[in-house]
Structure formats: C-alpha cells, structure tokens
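Engineer: Quick check, what structure comes out for this input:
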Amino acid sequence: MTNHTLSPTRASEYDDNEIVNLTANAHMDDILAVRLSRRSALKGGVSVTAGALLGGLGLSACGGNDDPAPEASEALSLGFNAVAKNLNDLVTVPEGYQVSILHALGDPLHYGDESWKDDGSESAESYNRRVGDGHDGMYFFGLTEDGKYDAARSDRGLLAVNHEYVVQPYGLHPAGITAGAARVAGEVEKEIYAHGVSVVEVKRGTGSDMGMVRGSRFNRRVTSATEMVFTGPAKGSALVRTRFSTDGLKTRGTNNNCANGYTPWGTYLTCEENWLNVVARAAGDNALRSAKEVAGLNRYGLPENRKSPYLWDTAGSTDLFARWTSSVTGATSADDYRNIANTFGWVVEIDPFNPTSTPAKRTALGRMNHEGAWPAPAVVGQPIVMYMGDDARNEYIYKFVSKAVWDAKDVNGGMAAGAKYLDEGTLYVAKFNADGSGQWLELSFGKNGLDASNATFAFADQADVVTHARIAADIRGATKMDRPEWGGVNPLNGEAYMTLTNNSNRVATTATPTGSQLKPDAANPRYYEDMKGSTSQKGNPNGHIIRWREAGGSVAATSFAWDIYLFAAQSDAAADVNLSGLTAVNDFSSPDGLYFDPRGLLWIQTDDGAYTDVTNCMMLAAVPGKVGDGGAATAAGGTATIKGANATANTVRRFLVGPKDCEITGIAVTPDGKTLFFNVQHPGENGTLATMTSHWPDSQTTTGSTKRPRSATVVVTRKDGGAIGI
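Structural biologist: Prediction:
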C-alpha cells in the first residue's frame, strides 16, 4: 500500500496510517512483566531470556504436536548477483535478466480506444476500457484453450491487477486537479473509473516474455462504479442498506484495492484498504445517529465533519457523486447513503474467466482496512483458510476458516464455489504471547461476550460482528501490530508470514504512553530513532516480518508458535536495530509486499520513506527457514523478543531496485518459474507536472525522456530463458 505519511502524494491528504484503535488491550511488555521482571531477564543474560521466551517454540506452543515442521527443500538456492542500491530512474535487475512493460496507466484493453497520449486527454468513459492507476496486488491464472483455469499453465493466462488509487497530477488530468472547493465532475468521473481492477489476457511471445492480448474477450475493468452483490452474514443487513439498494443485497464499486488473494477454484480476491480516501461525513452528523453508530464510525476513522481527500462527493448532485458521503440526509437509509462506509472494507471475489459475472463482497471475512487475503494451500477434506491483515497502526491480523471442506471437483467452480467456501465459516483474530505462543481468538456472535449484552458495543448478530470486526477484536484482546500488510504461506512447510511495515507511534519502554501510543512488545519489539538520527521518525520506522506455525500442522488450529523472520534495517545500524545481521546485499526498510512463488521462493517488496536518500524501493528474494531457527534477542529499547536465523547473502539477496519515488508492489510468478510480474506504483510521486522527478516507464528505454510517469506492470525474464531467481 502507499505510505502517505512517510512519502506524501499530491493525490491525498488522508493519513492512511491514522490510528483509530484506542483500546486498552494488554501490551506484550506488561504480559512479560508478569512472567519475569525486565531487570532479572536482562541480568540473567541470554540463558534466562531464552528460557522464558523460547519455551513457546517447543511442545507447549505447538499444542502438543511432537512432529517437527517439514523442512524446506535444500535444493532451493539463489542464483543471481545482488543488485546494488541506487537512485536511478529505471528498474535495475541482475546481470542476465531483462524487463519489459506489460501495461501502464491509460493503455487501452480493446481496439477502438486510441493509445495513451501523455496529456491526460482521454475521456472519463474510456477508463471503463483502459488500464487503471496505482497498480498494486495481482495474480496470474493459467488459461486453457477452452477458457478454463489451469494452475499448471505458464505460457498463457489471465493477469488480474489492482488499481489502488490515482495520482491525479500526472496521468489522468491535463493539468492536474482543477483547484476549488468543489471538484470538476469530469475529473472525478475519470478517477472513479481509474480505480478497481484490470483483468487482461497475457501470452508468451519469444522466450519467456509476456505480452498483453489487446481485444481479448477476457479483458475487463471492475471500477468504483461496477455493480456488486453482498454475500455472507451482512447480506441484506440494515447496516448496508442504501438508496441504491434498499434491501442491502447489492452495492456499487470496489475502491482503494491494495493487496489481493486468490482461490484454489480459480477466482481473484481484491481487497479494499484505504477506502476512507473517498468517503466524507458531514458536521453535526453525530446528533442524527445512535451512540452505537457513532462508535462504529469513529472506530473505522470516519468522525463527523470529515472531508474526504478526493472530495468526490462535491462534484455534483447526481448519484455517481452524492453517494460518497456517509451522512444522514434523509428520513431513512433508503433515502440517503448514511451506510456507504459499511459497504467498503471487504474482500471482493471476481471470476476472471467469466467477464459478465457479478463480483461479490464476501462479508464473512470481516470488514477492515483489508490489505489482502492469502490462502493456505488447499487440502482435500480440510477447510479453506485465509490470512488477512488490517493495515493501520495498532490493528490486527485475522484468519478465516471455512465451514465447507475442500473438494478438488470445485476447481473452475467460479462464484458458486466462492459462495460455498467463503460465505460460511469462522473469523479469528491473532493474539501473540510473549513466550512465542499465540492464539486465534474466535469472533462469533453469541460467544466470548460478542452479544447484545456487551457494555462496550451491543452486537445484534453476526452481521454486526463482521461489519465491526475491529471492535470485536478489541473486545477479545487481540495484539496490536505495527501495520499488518502483505502475507503468504510457505508451500514447502505451511508456515505463514506477514509484513509489519513500520510504526512511528511506539514509545520507549520507560515512557508513559498517551492516546494511541504503545510501548514495544515481543511481537513488535523495537523502539529507536530513525537510522539517520531524525527526530521526526521514532519507534519502528523500518518494520519487520513476523511468521507463525500452526499447532499440529493444521491451518485450522486455534494456537500457533511464532517468531520474527527478519528485522528491516540499514546494514550499518546498531546490532540491536539490525537484529537480522543485514549487509549491503540485503538491507532494506519498510517491507510491504510479500509473496511465495510456487517453488517456495519468498519475494519481499518495499514501500519506504526512511531509506530513500540512499536507494529507491526494491524487491528481494529469499530462501526462508522455519519458525524456531533463531533464538532469543533483545531489541533496541530493551524489549525481549524471538528472532529467526540471521540473514546471509545466500538466504536473502536484493533482486531489483525500482525507479524514483516509487513503491515496488504486486508480484506473480508463472508455475514454471520463468516469468515474473511485478508492479511499479506512483513513480515520481514527489514531483509536479512542472517539475517531474521521474519519467518512468518511458525512461526505462528512452534516455532524456520528458514524458509523464505512470504506474505500470513489469515483466522480468532471464535472457537465457531459465527460471527466475535460482
């Protein structure tokens, strides 16, 4: 996702890291203090600390399972020379590799629309058939000759790509946003259509390179205006009824789609993250609401008198624009859009193989700032499991376990299979204990205080629980994390990983937190000043990656063991900051994107604002170990934690560096490992039309280019046609 706090864009003043979790859940350091005093732990040295913390990685943390976790393949090894950090305005890849641009903002999906002209003159309506802006999460689906999903196919497929947000000054509008208190209708309409998802057919040409098939019958745009249906617990609920759908059965649009997921039956999951960018709420609205409604809106970051950064609601009185204010203006919800906020924050399923199918908001997976939804490998006879992160400081990690168990006959089952596996199940939230153990806390109506008698928030039904999943997680006492972002499951041993990109809101262990501030805890242990000595970035400005192993090897387990796989840091940082021993070939900051390819190789992407004086954002390749391969550690600030084995040049290596001012995000690798896709989002975001800081992607091939920068999807292949990364 785009980090507007550390690297502000011209497109939005909204802080997508805004903290709205002010609950008093127990902090990990408080839990640890009960078990042993900080002083005695430090005094006793590593042996005492290890005894206290690593007990959770043994039998007790694994729920009594004596079987060791499966080992990763020893044959997997990195086979490229590390790319050096740099500030070039192009994608830099290892020697022997090459890049091409698959598609970029404004490229037409079909014939009949002219090519992007570098002047913002394309019509708003044409963006229903053009590639959108802010390329982000994506997935490659193998495509058979008869138009079906084939998980093993590599030379032909469908690529689904998220479009998270718009960088208005550069690509969409001739001269940027027209100034004024009210937005210009034509500009807003174009922005609405530039959000969402693109589905395109891709085919191999020469070697392993891929090209987009313009005019394919599968090419499709899903935008912020596309009609969708609600399914699961919130379907038909009063919480999602609007003037557009007075019965709460449908809605329009998916917005600010960041990370993603996929299903074993061959559908795409796109996830709504910073939807507050486009939703406003009027002054005085609290007085027109119940106390419960106000509590829910505030917890999701939508207080009264809040203008949305995009100001879409100011562009006119037609329904296309009026629906972007979550304010009480009519007699009932059938007369206005007071519930529009509740229609966003969901996981949306799209069938890329059926261009006429209606996307579905799968509400059983909960509502939050959904970064993504990552499946565990499907096993016949076992439930489908999705891991999810709520990307904001102090928010949580979730898991969904389906009621139905997997039947391989449902491959190519489309939206019907989605209804079977994603509309009924159990939603959980994670609690990370200081001893390396953890629990999945159930979020079900009628259990554990999630009912109408709850004094904090009186839940009416499961629709209330999933719509206000954050509040339910607060009540259950989940662990507040340093901005959960992308996740993934290692196909070689079933362990799950999630990036925690950064958190400037943590305070020293000796400080007294105020408001939303938190002390460090074992799962989020570092407090230090930025590596450059900046007083503006304290806490955990570089982020880390956490991982866990489910008890007994069952992804449906309710307990797990965890450690911190990698701590991001500059290579010359102090040892208690650079806890993973990173060097010049693999140091990085602010991990964001994360992806396990089909071979088990781990890819890590950055969206950084703390290291950008030294390097542009990057992507690294890694051969992961397993939970418990490291040991106890004490992080900067004095907090005890559990870390994985140190990184080496053989296990983590920088694979590429992106162009100026960009985020590296979104990744997919074909099943044969020979073609890699990734996205460059918002290159040159810190410039203006008058003074551009990037001209990518044109600068990739044209020295001295003066063209506008555009978000784009990049294809990486080896010149010899071999497998990527190894």
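
Engineer: give me the element the residue nearest the centre of the chain is part of.
Structural biologist: The structure's the chain has its C-alpha centroid closest to residue 371; by C-alpha atoms, centre = their mean the separation is 2.9 Å. Assigned by DSSP states H and E, residue 371 belongs to strand 370-375.

Engineer: ok, which stretches of the stretch 251-400 of the chain are strands?
Structural biologist: Assigned by DSSP state E, counting those that start in this stretch, the stretch 251-400 of the chain shows strands spanning 257-262, 268-272, 347-350, 360-362, 370-375, 383-390, 393-395, 397-405.

Engineer: mind giving me JSON lines with those and columns for distance to residue 662?
Structural biologist: For glycine as for every other residue, the C-beta is placed from the backbone atoms N, C-alpha and C. Formatted as JSON lines, these follow (distance: least, C-beta to C-beta, whole Å):
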{"stretch": "strand 257-262", "distance to residue 662": "15"}
{"stretch": "strand 268-272", "distance to residue 662": "21"}
{"stretch": "strand 347-350", "distance to residue 662": "26"}
{"stretch": "strand 360-362", "distance to residue 662": "30"}
{"stretch": "strand 370-375", "distance to residue 662": "19"}
{"stretch": "strand 383-390", "distance to residue 662": "22"}
{"stretch": "strand 393-395", "distance to residue 662": "23"}
{"stretch": "strand 397-405", "distance to residue 662": "27"}
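
Engineer: weakest of the ones you listed by average pLDDT?
Structural biologist: Lowest mean pLDDT within the strands of the stretch 251-400 of the chain: strand 393-395, at a mean of 93.

Engineer: Which strands border it, and is each parallel or antiparallel?
Structural biologist: strand 481-482 (antiparallel) (DSSP bridges).

Engineer: neighbouring contacts of the strand it pairs with?
Structural biologist: Identification of contacts with strand 481-482 by C-beta atoms under 8 Å, 6 or more residues apart in numbering yields 389, 393-397, 500-503, 506, 523-524, 540, 543-544, 546.

Engineer: could you redo the last one with a cut-off of 10 Å?
Structural biologist: 389-397, 430, 432, 498-506, 518, 520-521, 523-526, 539-540, 543-544, 546 (C-beta atoms under 10 Å, 6 or more residues apart in numbering).

Engineer: State the next helix or strand along the chain beyond it.
Structural biologist: strand 484-489.

Engineer: Tabulate the CA atom coordinates of the following helix or strand past that next one in CSV.
Structural biologist: Using DSSP H and E, the helix or strand that directly follows strand 484-489 along the chain is strand 496-500. Output of strand 496-500 as CSV, limited to C-alpha atoms (Å, rounded to 0.1, in the frame of the first residue of the first chain):
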residue,chain,number,x,y,z
ALA,A,496,2.5,-18.2,7.4
TYR,A,497,4.4,-14.9,7.1
MET,A,498,3.2,-11.2,7.3
THR,A,499,5.0,-7.9,6.8
LEU,A,500,4.7,-5.3,9.6
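
Engineer: any low-confidence regions in the chain?
Structural biologist: 1-74, 530-536 (pLDDT under 70).

Engineer: just the helices in it please.
Structural biologist: Ranges of helices in the chain, per DSSP state H, are 28-35, 38-43, 45-53, 185-194, 291-299, 319-322, 414-422, 462-467, 469-476.

Engineer: What is the longest one packed up against?
Structural biologist: So the one you mean is helix 185-194. helix 319-322 (3 or more C-beta pairs under 10 Å, 6 or more residues apart in numbering; DSSP states H and E).
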